[in-house]
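**Student:** only geometry, no sequence info:
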């Protein structure tokens, strides 16, 4: 491994961080990345998007998260370099020549994200991974200029680590695996800012037992319970925060709002800022993408509240002022009832295309613990006293219980008004009376008259 | 006191809050205020403005802070109602008929704030206090509609509490005094989100010893040290967070940026969103004001980075991408040197009007502990065993040390490039060489050649 | 239900508590119990006995734990009285006339414990439950005198709540069930003082969703995950703290030490304080029992280090100065090897009776989550929107995984010296060489030469 | 400086610590010290003695504190070695050859303490500093044996660091100065275990700015406020915890109890354990001293509760069961009234010698911030950008306020019964009526009839 080095800063720079205490920056290249426009832009993109509508404290941004992933990666490198330094090329230990590479990959792993990535990508065909690769490798970006100082090859290598094509599995898995610096940061950070108590696991113990081995990264035997607890924390955060029905409701509205904007854009009923216009026209560049952020999107939404298109104006209002949709749990057996519900909703005056949606938490971009499948080698391994490895779920009854079974639910979202009868039994409108017959205990049910 | 009552919610609503655990909402009027457009809008206005450029975690908004002030007020009312219920009109104890009134005043005390209030008001002649009064009393706002449900007089009374003209001093001082729910919330909240350790004081003890008396609110003797610690926490937060030179630098840039926008608006060199245009034209309404938020401002700044006006474009870039100004401490005796510095700055190619500023932390909108002066009755009183009162600084050597002496400093801000010589002694440009002679240990000094 | 009342204190008394913030005492009877000799004595009995040998911070005592259980019980009563007050005798809601009773039962639920209860009871035939009942009902104790002030019947009723014979299941289960104030306090407290991060669950959410129903206490649907997390916390605390092999090793030594003292007492080789002498003679009274505490036991051990009985002196030294035994995991299939190991240990000069033990963590006094079995009605129920109940493990995959399967292990303890060969391969003593063949990866194994 | 090295442990040993997370042990000599009898004995000596009577959580021991001081010292050495390594003998930077020496001095700095050191020393003429030196240098102790492994000179050098005679001021001041590892640990630790919120300062920032200089240890300019906050924390902990009147009351009782034991020992009215007997006889050895701990003392007190000497039995009961004395503040001007009060107390049946005491918090063993005086060079210095030093109180108005002025109070302790009239105005006993005239607002006052 060629050793890449960066000019060291004369004085270490630190940033205060509520999760890790301090972020420590010792290399000029890291500081230059931090100062780049592409990175600073992430200050204006919330980490959890509409989740702050449910947990008001969750206003933290991708900026801090990326710094946090960098900081954890830096700490893991320190631990590996001290405790497991490689002596010979194939000894399965840590070659610290990879440090600068993995630190840069860590701080840049999410650089391609824009506002509301998931919804936005779905509608406009953008791809945050590809855009991230471009930001890193395109010579016009400040990020690329920072990386090139190290070596002309360096940007490409950083991109390959993020793309998981870099040959050293320890380097790749430090930032992309079932127990990587990315997840370890966001669980703690999201817990801190939402204020829930579920994301806390024993990070100091996890860092005590993390270690390299020839195929990647594993954990020593005596820390099995700390790793187990980390998996349980992930499960809890998904159940309690990421899959919260109100957050999903806001995402449904956002999706419909942007869809409606696309649909009516040609009719000219809509004021749009220059950059977003490019996306509505399907004709955007990287520079346009880099001008988007949460505030730009919301500024557009705010202008749309005055649109002559009533649906657009209503959806923009709903999104900006948190007028969420209602929802009920559905199952494969009750799904056949949905057309009837949509019919009632239409009769009540709402266009089902823009006011209803089936949303499944299972297909969220957050993948739960999955030791087998297409990416089978990402399972979490626990190293025994004699150096052999045992996969985590074989040692932990809790992880076994969660293993491979996606948790979550599928819900049908619709305007709250439809539940009028369920809330106030005095309502006599026959539409609401009919609707009420299909809902019991928050679930869709077969009508039992 | 007339008793105002609100419909009680069937089920209490709670919001998770990292600082207070939960915000508890039991009254429909509070929930309706929370749901109003004017209140929801505060989700998009950061509590500390550019401070998040220094402390990345400080992305929390006025929305959460107002909820926090409400929650503390609610808790204080609970304590007063349980421990100090008034029996007769003039007994100096707590009349719980004021509860709903003070809770509404608490949640609405900052409702008039827009983005970057301080800077914005300075330039555009807005006034967040007056606007807040209007939001509460104007029959077209959703906030007013929520309040009117209680009683037609109610909005006016809520406004009077915030304006400190309401006759009951206990009610007024619960949200406006040297030790009120407002300060108690923001100190803790700002500390939590910045991640500094200075804002923590013993809130549980302060709440144990807080009590009403005939002229307002005081504290029992046995909690003197907790109140003392709260004052020290305030001092530390000002020194460490609110007066941080980098945050002030970003505010200086913001000020110049908006000034420049005003100056060039007539020339038409500038794309502006509809609402901000109204302010640049000096012709705005409440509805326009309510459309402003941090994102709208930053969207405008983002458009301005492409302006043909170079100064505007440069300042917009500086603000969005955190290219702060440098600064040095100045004193009355060294101020006479500033014209010379400005001359050098001009020679280096920067227009001093837009690239320099004298900024004093003393005139920040945050007032330090001040027991005397125009508002002399706001001093903090400690009740002795026999019911007599002693002013806090008479009991505490620490508070005495801080008493009446504003802490802070006065700084001169200018482009960082000017310090080139101070950073790299090899620089030979005579302008920088000359400039360097005036700077020592971060302070402006008389040149000693 | 007869209403029992106690004189209210003029001023509430509070004690600072790191876990709950403050312990609030409003009734004279609670204060009198707190001041009683029998209760003050618990200051000198550690909550976790020898666990402080593993986690040095775990020096907290039964005194604080009992106060904590009282405080949680008080808070639950407040919640029930506010949210679920009984209107008619059989409505399944909370009758607050039971408050004083359950608070007294809570603070006294462990009053019968002496030093090292588990080991001590085993050897001396004491029974902390019976002794607790006696302390409460015997008219000579200060506890009984405090309780009698309320009503002559009151001590008996308090005793019946602790004995679970009191007819109201809500009262009984508040302090004795799978999710009671006792467990909720000790999990948090033991986590705080040991410094581990596993015992933290969302107590504020659990208290938000706890509620009475006709057969006891259950939890509202929307708090299922908080209760689930509490069960996971319990599991983790057992695995990580209560079942720690070093703590168990110290308990094994303690057991052998006291056994040896009993065995040699008749021979007069042993100095003993007057009260412990009574137990060694098998002739003790309640007054003797109440004189025992950790310090008295350790003072005896300290005197025994000078005993002419070598085994006694050695074991006393080992206990006082933390010279733990080694241990290995055993299974039913490897147990047949133990006689061979004991033979080697004997050959190495240690009497196996006093220097070896099979210790199973499964039979510790801490029972894991157990919804079925002899006490089947103690399962945790979650109340659905329509008032129906679902048992927790049916809703939670994690709890289902833990349900009914005791976690833990069985270990064989022996002198560390026996592992000499495993630690230093240069050792040639044939005894140690032979012993080493039976140990691999911390487990007993069949010899494979 | 000769470099002393210790065998490195094959695997680092860690102990969980609630304050520092983990205590890291890398050297065999440190582990051997930890395992020594003299060190393990500190598990049985509470750090704060009778303070746990006021703050029930404060059961932590000198064992953990010493480990904590060691851990902080280790961290400071790491920081110094990385950031300020000495290049030439007189460059004023850190010579890491001193590391093992200062770590051993840190962990052993309190090794001479016995139970209730302050009171015990006063009565029995022991001296914990001298005893500490002896434990370290006497070849019969396990501590000395551990240290001698390093070098025959090593024990003497360790002792000299603790005695402050070692020539390198950086080494000495790391554990003995106004801002040393000792104070930094106990403030945080005592705050954690008492549960008060006052002892928290920003240790991570203090460690970021601590640095060596030629005369010792100072702090960088940019951390002035963190150091200031540490001084304020100390002040608050003294006011709120260490000087608490109830804790002092228990210490007064302890003092009188031991005094009485001494006074009546000759008469043989008293059962005593063998080691304490040696002290009552005035004829003790180091081995006797090392057998004392809190439990041994309390076991003696427990036996004394049955003594035929009534005063001894009463005082023992008071101490064990927390029957504190009352107290009032006194001043130089009111002190002349004390003989009259003592007379009344005698008339009420209490021997003033054993039931009253003037106790001044000023002469507690905890010294407040003191930059001048006999140890003038221990002031806290802040290093400016140009390397010059400014003493802390010149930069901080808060520290200036506390500078050189001992805070605290002087109190007169006496039996609570004497206040009967103050508590219950219906009391007509003339003694209590008379006594009441001298007490107002918790202070001694001149009688105003």
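**Tutor:** Nice, thanks for sending it over. Keep in mind it's a predicted model, so treat the numbers as computed, not measured.
**Student:** got the domain boundaries for chain A?
**Tutor:** Chain A breaks down by automatic domain parsing into domains covering A:8-242+A:365-402, A:245-363+A:415-444.
**Student:** buried deepest among these, which one?
**Tutor:** domain A:8-242+A:365-402 (a mean of 20; mean count of other C-beta atoms under 10 Å in any protein chain shown). All C-beta atoms are positioned from the backbone trio N, CA, C, and that covers glycine.
**Student:** near chain B, anything from that one?
**Tutor:** Yes. Interface with chain B: domain A:8-242+A:365-402 contributes A:15-19, A:21, A:35, A:37, A:40-41, A:43-44, A:46, A:52-53, A:55-57, A:59-61, A:63-64, A:67, A:192-196 (C-beta under 8 Å from any C-beta of the partner chain).
**Student:** can you pull the residues of the stretch 301-449 of chain A lying near chain C?
**Tutor:** Residues of the stretch 301-449 of chain A that fall close to chain C, judged by C-beta under 8 Å from any C-beta: A:384-386, A:397-398, A:400-402, A:405, A:407, A:440-442.
**Student:** from these, which is closest to chain C?
**Tutor:** Closest approach to chain C among those (C-beta to the nearest C-beta): residue A:401, at 3.2 Å.
**Student:** residue A:399 versus the nearest residue to the closest one once chain neighbours are set aside, what's the distance?
**Tutor:** In this structure, residue A:401 finds its nearest non-sequential neighbour in residue C:401, 3.2 Å apart by C-beta to C-beta, 6 or more residues apart in numbering or on different chains. Using C-beta to C-beta, to the nearest Å, residue C:401 is found at 9 Å from residue A:399.
**Student:** try residue A:270
**Tutor:** Distance from residue A:270 to residue A:399, by C-beta to C-beta: 49 Å.
**Student:** could you do residue A:310 as well?
**Tutor:** Residue A:310 is 51 Å from residue A:399, by C-beta to C-beta.
**Student:** what is the helix or strand hosting residue A:359 packed up against?
**Tutor:** For residue A:359, the element it lies in under DSSP states H and E is strand A:357-360. Where contact means 3 or more C-beta pairs under 8 Å, 6 or more residues apart in numbering or on different chains; DSSP states H and E, strand A:357-360 is packed against helix A:245-265, strand A:410-414.
**Student:** other residues contacting the last one?
**Tutor:** Surrounding strand A:410-414, the residues in contact under the criterion C-beta atoms under 8 Å, 6 or more residues apart in numbering or on different chains are A:245, A:248-249, A:252, A:325-331, A:338, A:341, A:345, A:350, A:355-362, A:444.
**Student:** is it possible to get a markdown table of the domains of chain A that adds mean pLDDT?
**Tutor:** Below are those laid out as a markdown table (pLDDT from 0 to 100):
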| stretch | mean pLDDT |
| --- | --- |
| domain A:8-242+A:365-402 | 92 |
| domain A:245-363+A:415-444 | 93 |
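**Student:** would you list those in JSON lines and tack on distance to residue D:71?
**Tutor:** Listed next are those as JSON lines, based on distance: least, C-beta to C-beta, whole Å:
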{"stretch": "domain A:8-242+A:365-402", "distance to residue D:71": "13"}
{"stretch": "domain A:245-363+A:415-444", "distance to residue D:71": "42"}
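**Student:** these: which one's closest to residue D:167?
**Tutor:** domain A:8-242+A:365-402 (31.2 Å; C-beta to C-beta).
**Student:** and that closest one, how far apart are its ends?
**Tutor:** The straight-line separation of the ends of domain A:8-242+A:365-402 (C-alpha to C-alpha, to the nearest Å) is 45 Å.
**Student:** do the same with stretch A:273-285
**Tutor:** One end of stretch A:273-285 sits 15 Å from the other (C-alpha to C-alpha).
**Student:** check the offset of that stretch from the chain's centre.
**Tutor:** 24 Å (C-alpha atoms, centre = their mean, to the nearest Å).
**Student:** so which residues of the stretch 201-350 of chain A form helices?
**Tutor:** A:203-209, A:224-237, A:245-265, A:274-280, A:286-290, A:294-304, A:310-320, A:338-347 (DSSP state H, counting those that start in this stretch).
**Student:** distance to residue D:214 added to those helices, as TSV?
**Tutor:** Shown next, in TSV, are the helices of the stretch 201-350 of chain A (distance: least, C-beta to C-beta, whole Å):
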stretch	distance to residue D:214
helix A:203-209	36
helix A:224-237	44
helix A:245-265	59
helix A:274-280	59
helix A:286-290	52
helix A:294-304	53
helix A:310-320	62
helix A:338-347	80
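**Student:** ok, which of the ones you listed comes nearest residue C:154?
**Tutor:** helix A:224-237 (43.0 Å).
**Student:** so which elements touch that closest one?
**Tutor:** Checking 3+ C-beta pairs under 8 Å, 6+ apart, helix A:224-237 ends up next to helix A:181-194, helix A:203-209, helix A:392-395, helix A:397-402, helix C:224-237.
**Student:** can you do 10 Å?
**Tutor:** Where contact means 3 or more C-beta pairs under 10 Å, 6 or more residues apart in numbering or on different chains; DSSP states H and E, helix A:224-237 is packed against helix A:181-194, helix A:203-209, strand A:216-220, strand A:381-383, helix A:392-395, helix A:397-402, helix C:224-237, helix C:397-402.
**Student:** wait, residue A:144 touches residue A:104, no?
**Tutor:** No. Between residue A:144 and residue A:104 there is no contact under C-beta atoms under 10 Å: 11.4 Å.
**Student:** mutual contacts of those two, please.
**Tutor:** With contacts defined as C-beta atoms under 10 Å, 6 or more residues apart in numbering or on different chains, the residues shared by residue A:144 and residue A:104 are A:33, A:136, A:154-155, A:158-159.
**Student:** I appreciate the help and will end here.
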